[in-house]
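# need a structure here:
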Amino acid sequence: MELKNILKISKLSKGTTLVGYSLHHLHTEEKDNCISRISDLLLESGLFVFYDVLSKEDETEKECNSRACKVFESGWNKLEKDELNDLVSHVMENDHPENEKFYLKTFMKNGLTNIEKAFQSENELYALYFVKKRAKRGLLTRRRWLS
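Numbers count the residues shown, from 1 in each chain. The predicted structure follows:
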């Protein structure tokens, strides 16, 4: 089942949600909707762990995908030639990477405001973020008072 369909049917709130190496398969509007739904499902102060392909700010989708394919071709030596060709075809036909600016704006718009970039690959192709949902002020105040 695809991630976007799982998020549509899930009714449980989550303390932590992990999405890794998958949103780049969605188009921009679908990514926005997916992150919105994840935010809706997260508990207050919940954690969203996000790892995916990122384009550079001035890169087109095609340029980013070509850069990714060069990384695969030069470093993924364990793949057979036909497997590598399949991977390159998949990337060029199916991947829709966004840049960091898009994700930061989308996180903030959806109440995911505490954003920490925990890792970025040396080739600047992948990044890992820890993103926390903003807690409601009244709830935080009440918890502190009760503690």
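
# if I look at the residue most central in space within the chain, how far off is Arg37?
The centre of the chain sits closest to Phe50, judged by Cα atoms, centre = their mean, with a distance of 4.4 Å. For Phe50, the distance to Arg37 equals 14 Å [Cβ to Cβ, to the nearest Å]. Where you see a C-beta, it was placed from the backbone N, CA and C, and this is true even at glycine.

# Equivalent analysis for Thr28, please.
For Thr28, the distance to Arg37 - Cβ to Cβ - is 15 Å.

# remind me which residues of this structure are low pLDDT?
Applying pLDDT under 70 to the chain flags the ranges 1-13, 136-147.

# so where do the helices sit in this structure?
3-9, 28-41, 61-75, 81-94, 100-109, 137-146 (DSSP state H).

# Which one of the ones you listed lies nearest to Thr16?
Nearest of these to Thr16, taken as Cβ to Cβ: helix 28-41 at 10.7 Å.

# Now do the buried residues in the closest one.
Of all the residues in helix 28-41, those buried under the rule 16 or more other Cβ atoms under 10 Å are 31-39, 41.

# Return the list of helices and strands in contact with that helix.
helix 3-9, strand 14-20, helix 100-109 (3 or more Cβ pairs under 8 Å, 6 or more residues apart in numbering; DSSP states H and E).

# how about the ones you listed in TSV, adding mean neighbour count and distance to Asp58?
Below are the helices and strands packed on helix 28-41 laid out as TSV (neighbours: other Cβ atoms under 10 Å; distance: least, Cβ to Cβ, whole Å):
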stretch	mean neighbour count	distance to Asp58
helix 3-9	13	28
strand 14-20	14	25
helix 100-109	16	11
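
# which other residues reach stretch 56-72?
53, 55, 79, 84, 87-88, 91-92, 95-97, 99-101, 123-125 (Cβ atoms under 8 Å, 6 or more residues apart in numbering).

# out of the residues you listed, which are buried?
Using 16+ other Cβ under 10 Å, the buried ones in the contacts of stretch 56-72 are 53, 55, 84, 87-88, 91, 95-97, 100, 125.
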